[in-house]
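Participant: Fold the following for me, if possible:
(2 chains, ligands or ions: 3)
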Amino acid sequence: MLEVDINDLHFRNPLLLASGILDESGDTMLRVARSGAGGIVTKSIGMVPREGYENPVIYELPYGLLNAIGLANPGIENFGEEIKKAKEGGVPIIGSIFGGNVDEFVYLAKKMESYGVDAVELNLSCPHARGYGMEIGVDMELVEEIVGEVKKSVGIPVWAKITPNTDSVVRIAKAAEKADALVLINTIRAMAIDIDARRPVLSNKIGGLSGPCLKPVGVRAVYEVYSEVNKPIIGVGGIQNGRDALEYMMAGASAVQIGTAVYTHGLEVFTSIAREMKEWLHRNDYENVKDIIGAAQVK
Amino acid sequence: MYRVVKIERIKKETPSVKTFFFRDKSSPMPGQFYMLWLPGVDEFPMSISYIGEIKGFTVKKVGAGTSRMHSMHEGDKLWLRGPYGHGFSPMNGKILFVGGGSGMATLAPIIERLPGDLLIAARSRDELLFMDRFKERKIYVATDDGSLGFKGFAHELLEKILEDTKYDAIYTCGPELMLRKVIDIASSHGIEIQASLERLMKCGIGICDSCSINGYRVCVDGPVFGSHELAEMDELGRYRRDRAGRKVPI
Ligand SMILES: Cc1cc2nc3c(=O)[nH]c(=O)nc-3n(C[C@H](O)[C@H](O)[C@H](O)COP(=O)(O)OP(=O)(O)OC[C@H]3O[C@@H](n4cnc5c(N)ncnc54)[C@H](O)[C@@H]3O)c2cc1C
Ligand SMILES: Cc1cc2nc3c(=O)[nH]c(=O)nc-3n(C[C@H](O)[C@H](O)[C@H](O)COP(=O)(O)O)c2cc1C
Ligand code: FES
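Facilitator: Ligands and ions are numbered 1, 2, ... in the order given. Next up is the predicted model:
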């Protein structure tokens, strides 16, 4: 009932682990796979090991999380073993990568492919790392070039993860149209100040906002892009329960990713969302979740 | 979000360890920890060492953050979030608590709740923590330099003790190599064990993967783990993850 296919990749359910959450070590990814996730996106991996920002890198809010981890990652050369372990989980593994230019993206994508990932996700959207992520992801020509060159260099599907920190998600989505799927959205640039300390809480000052408060922005982005770009969309941002996941899919997403809800609901969140989705579909006489994709699009 | 607490009293425990007392409305379980923020300096995990109405952190000076803390005064403020993680749970039978160095800070609240004997170990006599706090208990002492009690490591003394005394359960916290040995000894004697582990922590809330060991997150699945989980952790005492997430030998 929940099975979906995206670019010839088969997912037992449309609930993927979002990049950056519990996906740095192979053992942890394996555990998430065994907890019921339909697929796993790895932490964004770069050319060299990166320690990320100093603590505090995370701040808990009543309506979500603020984070500036700073793209900490062990570096692509150290990531093969982790992928190998994660693959034991039997679900598709999507290797997320970030680079500072076209050549780096191409190198990282090829390397991920050689490690056996099922697809690569280009992080064109991290809101808080200088010279990477959204700093690249709002430059339309560069986005087009990166996506195009990576497409030419690998045989596996290429997904592009897009930033909401722009005046037009649609325009960036169009620039990334050569990708096999679009992932919408990454976090929103945000800040929190501790008034007793009289300073921003995160050591990087600015971070990315995720969680329930992000959902309406993500749903809007998916809805807008669905009618403009003819590529599968993977919806991300604030999904906590079955209704949230169905909302994204009705806006036009073929699958969704889940991050912050792992903190609010624990690793059981994948099975609980799947159960809630099935119950709703059953009550409303749908045989397959695919039938609701884009169902809320009003002509 | 952080809560701000005021340091009401500071007690020097050893040349490198101080306890900071404060009031806070949270009700931690023994073995739980907080994330402690010193604005502009660092944020790091700290076990709760006194859990009553007056609470306390017992802190060993190791780097920038803990050094700053050691230079603080009564009346200064601390920023906290927590309590976090799974603490100690009660075990039956005759109990031994094995604490190495500042590991005694983490063990102290569960020692206060349960009867049992103590094995306190440190580099030297000066660094033995909480000998006074638990002076009513039977305490075995080990120092690396032999300045008090048994000369040698905690696990060496433990093996000697187990030759003629039977214990059913061990609670332990301390340096990782000591923990590895204590866990192996407990398992070979069929003794139930709970150990509190330390790993690099960034988020403290189970999402960043920086504290993971064999797929277990020390911040939410631990920091206290039981015999069964510990038996699966072949990385313990052998590998840790650095700030970039690389697996490096200990
Ligand atoms: C769950 C948990 C509970 C803890 N409880 C206590 C406690 O009750 N009392 C206490 O004194 N400490 C405790 N610690 C350890 C404490 O968090 C570290 O000592 C602290 O983070 C060091 O910060 P710093 O800024 O002073 O040092 P840094 O400047 O960050 O580091 C200085 C040096 O110490 C090393 N170091 C840092 N952290 C650790 C660590 N965890 N283990 C070994 N070496 C380390 C670094 O590699 C570096 O060489 C606990 C740790 C965890 C994970
Ligand atoms: C702690 C944390 C780390 C993240 N790291 C990455 C990352 O490395 N790469 C990336 O593309 N997105 C990263 N994200 C963004 C998430 O993948 C996701 O797009 C966002 O959190 C919204 O989804 P959510 O509300 O379900 O968390 C991170 C998010 C969080 C909370
Ligand atoms: S410290 Fe982030 S998962 Fe444990």
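Participant: tally of neighbours for the residue in chain B positioned nearest to ligand 1?
Facilitator: As assessed by C-beta to the nearest ligand atom, ligand 1 sits closest to residue B:63 within chain B, at 2.2 Å. C-beta: built from backbone N, CA, C; applies to glycine. Counted with other C-beta atoms under 10 Å in any protein chain shown, residues neighbouring residue B:63 total 9.
Participant: Can you give me the distance of the residue lying closest to it once chain neighbours are set aside to residue B:68?
Facilitator: Spatial nearest neighbour of residue B:63, chain neighbours left out: residue B:42 (8.0 Å); criterion: C-beta to C-beta, 6 or more residues apart in numbering or on different chains. Applying C-beta to C-beta, to the nearest Å, the value for residue B:42 to residue B:68 is 8 Å.
Participant: rewinding a little: show me what contacts the residue nearest to residue B:63?
Facilitator: The contact partners of residue B:42, by C-beta atoms under 8 Å, 6 or more residues apart in numbering or on different chains, come to A:54-55, B:63-65, B:68.
Participant: ok, now with 6 Å
Facilitator: By C-beta atoms under 6 Å, 6 or more residues apart in numbering or on different chains, the contact list for residue B:42 reads A:55, B:64-65.
Participant: Next: residue B:64.
Facilitator: So residue B:64 contacts residue B:42 (C-beta under 6 Å, 6+ apart).
Participant: and it, how far is that from residue A:128?
Facilitator: Applying C-beta to C-beta to residue B:64 and residue A:128 gives a distance of 23 Å.
Participant: now swap in residue A:52 and tell me
Facilitator: 10 Å.
Participant: Between the two, point out the one with more neighbours.
Facilitator: Using other C-beta under 10 Å as the criterion, residue A:52 and residue A:128 rank with residue A:128 on top: 25 against 21.
Participant: these two touch, right, the more buried one and residue A:68?
Facilitator: Yes. With contact defined as C-beta atoms under 6 Å, residue A:128 counts as touching residue A:68 (4.6 Å).
Participant: what is in contact with those two at once?
Facilitator: Taking C-beta under 6 Å, 6+ apart as the criterion, residue A:128 and residue A:68 both touch A:204, A:207.
Participant: okay but residue A:89 is in contact with residue A:30, surely?
Facilitator: Yes. Residue A:89 lies in contact with residue A:30 (C-beta under 6 Å); the separation is 4.9 Å.
Participant: Which pLDDT value goes with the closest residue in space to residue B:109 that isn't next to it in sequence?
Facilitator: With C-beta to C-beta, 6+ apart as the measure, residue B:30 is the residue that lies nearest to residue B:109, at 3.6 Å, once sequence neighbours are left out. pLDDT recorded at residue B:30 is 98.
Participant: same question, residue B:220
Facilitator: In this model, residue B:220 is scored at 97, pLDDT.
Participant: Check residue A:135 too.
Facilitator: Listed pLDDT for residue A:135 reads 78.
Participant: count of residues packed around it?
Facilitator: Residue A:135 has 19 neighbouring residues, counting by other C-beta under 10 Å.
Participant: which secondary structure elements does the helix or strand where it lies contact?
Facilitator: Using DSSP states H and E, residue A:135 falls within helix A:134-137. Here helix A:134-137 touches no other helix or strand, going by 3 or more C-beta pairs under 6 Å, 6 or more residues apart in numbering or on different chains; DSSP states H and E.
Participant: how about that helix against ligand 2, any contact?
Facilitator: No. Figure legend: helix A:134-137 not in contact with ligand 2 (C-beta under 6 Å from any ligand atom); closest approach 10.1 Å.
Participant: Give me every residue in chain B lying close to ligand 1.
Facilitator: Residues of chain B lying close to ligand 1 (C-beta under 6 Å from any ligand atom) are B:33, B:42, B:44-47, B:49, B:58-60, B:62-66, B:102, B:105-106, B:198-199, B:201, B:223.
Participant: Among these, name the ones in helices.
Facilitator: B:64-66, B:105-106 (DSSP state H).
Participant: Please report the distance of the residue of chain B most remote from its centre from chain A.
Facilitator: Taking C-alpha atoms, centre = their mean, the residue of chain B most remote from its mean C-alpha position is residue B:164, at 27.2 Å. With distances taken as C-beta to the nearest C-beta, to the nearest Å, residue B:164 is found 40 Å from chain A.
Participant: Residue A:92 and residue A:38 touch, don't they?
Facilitator: No. Judged on C-beta under 6 Å, residue A:92 makes no contact with residue A:38 at a distance of 8.0 Å.
Participant: Name the residues contacting each of these two.
Facilitator: Contacts common to residue A:92 and residue A:38, judged by C-beta under 6 Å, 6+ apart, are absent.
Participant: Which helix or which strand is home to the residue of the stretch 151-299 of chain A found nearest chain B?
Facilitator: Residue nearest to chain B within the stretch 151-299 of chain A: residue A:197 (3.8 Å; C-beta to the nearest C-beta). Using DSSP H and E, residue A:197 sits within no helix or strand.
Participant: a markdown table for the contacts of residue B:42, including pLDDT and distance to residue B:207?
Facilitator: Shown next, in a markdown table, are those (pLDDT from 0 to 100; distance: C-beta to C-beta, whole Å):
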| residue | pLDDT | distance to residue B:207 |
| --- | --- | --- |
| A:55 | 97 | 14 |
| B:64 | 93 | 25 |
| B:65 | 95 | 22 |
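Participant: Going by distance to residue A:232, which of those wins?
Facilitator: Ranked by distance to residue A:232 (C-beta to C-beta), those are led by residue A:55 at 37.5 Å.
Participant: mind listing what that closest one touches?
Facilitator: Counting by C-beta under 6 Å, 6+ apart, residue A:55 makes contact with B:42-43.
Participant: same thing with the one 3 residues further on?
Facilitator: Under the criterion of C-beta under 6 Å, 6+ apart, the contact partners of residue A:58 comprise A:67, B:203.
Participant: And it, what's its pLDDT?
Facilitator: 97.
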